[in-house]
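Colleague: what follows is a predicted structure for the sequence shown.
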Amino acid sequence: RKEVEQDPGPFNVPEGATVAFNCTYSNSASQSFFWYRQDCRKEPKLLMSVYSSGNEDGRFTAQLNRASQYISLLIRDSKLSDSATYLCVVNPGSWGKFQFGAGTQVVVTP
Amino acid sequence: EAGVAQSPRYKIIEKRQSVAFWCNPISGHATLYWYQQILGQGPKLLIQFQNNGVVDDSQLPKDRFSAERLKGVDSTLKIQPAKLEDSAVYLCASSWGSQGNGYTFGSGTRLTVV
């Protein structure tokens, strides 16, 4: 079993619609969680951290479910510019050794 | 604030040749990471430095890969000899803390081995 698993997609989303996807992690002791965005042929960039209470940043909402060991990302009112691969990142707590999922591809269509 | 600098951006070599990549982290960032990202996969950590010491190199193929960060600032990653399966993007990242605080990636080096 992979340490961090994501549905690779692609999720094809009409502009203006809502899309949500999850990421599961295997290490129950994991301490911090992040969503990164990676555009085609670009480096990953931090989208948002994921807190236990859930957090929202504009059209993006992240949730953490420790009991079921997954995090989620929801994008509301999708824009064409949201088309990217979204990487789930888990920090098990040791020396910043981030573990990356393979990413979920989102394609927003006009 | 200047970002993480990497060079070259692209490199094409033949199998069995050697290649080196360079990374200059954000000023003041003590922790430096090298990742390998194969097409369609997430980044995989190759090696992590804390200042000029190695914290984790458990996934570095040491028979062909080496990395150093002699003065605790910039770093080089070398592959010798290269194999076809080494074709990937090599990403450098840095952070100011050991827990990944302020984690930032460079733009990467895209290596193609033919």
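Modeller: Yep, it's here.
Colleague: where does the prediction get shaky in the chain?
Modeller: By default, I'm working from chain A. Within chain A, the set of residues satisfying pLDDT under 70 comprises A:94-96.
Colleague: correction: the question concerned chain B.
Modeller: Those would be B:1, B:98-102, if you go by pLDDT under 70 across chain B.
Colleague: repeat the analysis, applying 90 as the threshold.
Modeller: B:1-2, B:28, B:30, B:51-52, B:70-72, B:95-103 (pLDDT under 90).
Colleague: the most centrally placed residue in it: what's it in contact with?
Modeller: Geometric centre of chain B, nearest residue: residue B:34, 3.0 Å, by Cα atoms, centre = their mean. Counting by Cβ atoms under 8 Å, 6 or more residues apart in numbering or on different chains, residue B:34 touches B:23, B:45-48, B:67, B:75, B:77, B:90-92. Quick note: C-beta positions are derived from backbone N, CA and C, even for glycine.
Colleague: the same query, at a cut-off of 6 Å, please.
Modeller: Neighbour list for residue B:34: B:46-47, B:67, B:77, B:92 [criterion: Cβ atoms under 6 Å, 6 or more residues apart in numbering or on different chains].
Colleague: that one bridge partners, please.
Modeller: With DSSP bridges as the criterion, residue B:34 is bridged to residue B:47, residue B:92.
Colleague: for residue A:40, grab phi and psi.
Modeller: phi -50, psi 130 (degrees, to the nearest 10).
Colleague: and if you look at residue A:82?
Modeller: The phi/psi pair for residue A:82 (degrees, to the nearest 10) is phi -80, psi -10.
Colleague: pretty sure it contacts residue A:108?
Modeller: Yes. Assessed by Cβ atoms under 6 Å, residue A:82 is found in contact with residue A:108 at 5.2 Å.
Colleague: how about residue 32: what's its closest non-neighbour residue?
Modeller: I went with chain A, as the question did not name one. residue A:91 (4.3 Å; Cβ to Cβ, 6 or more residues apart in numbering or on different chains).
Colleague: that's the other chain; I wanted chain B
Modeller: Using Cβ to Cβ, 6+ apart and skipping residues adjacent in sequence, the residue nearest residue B:32 is residue B:49, 4.6 Å away.
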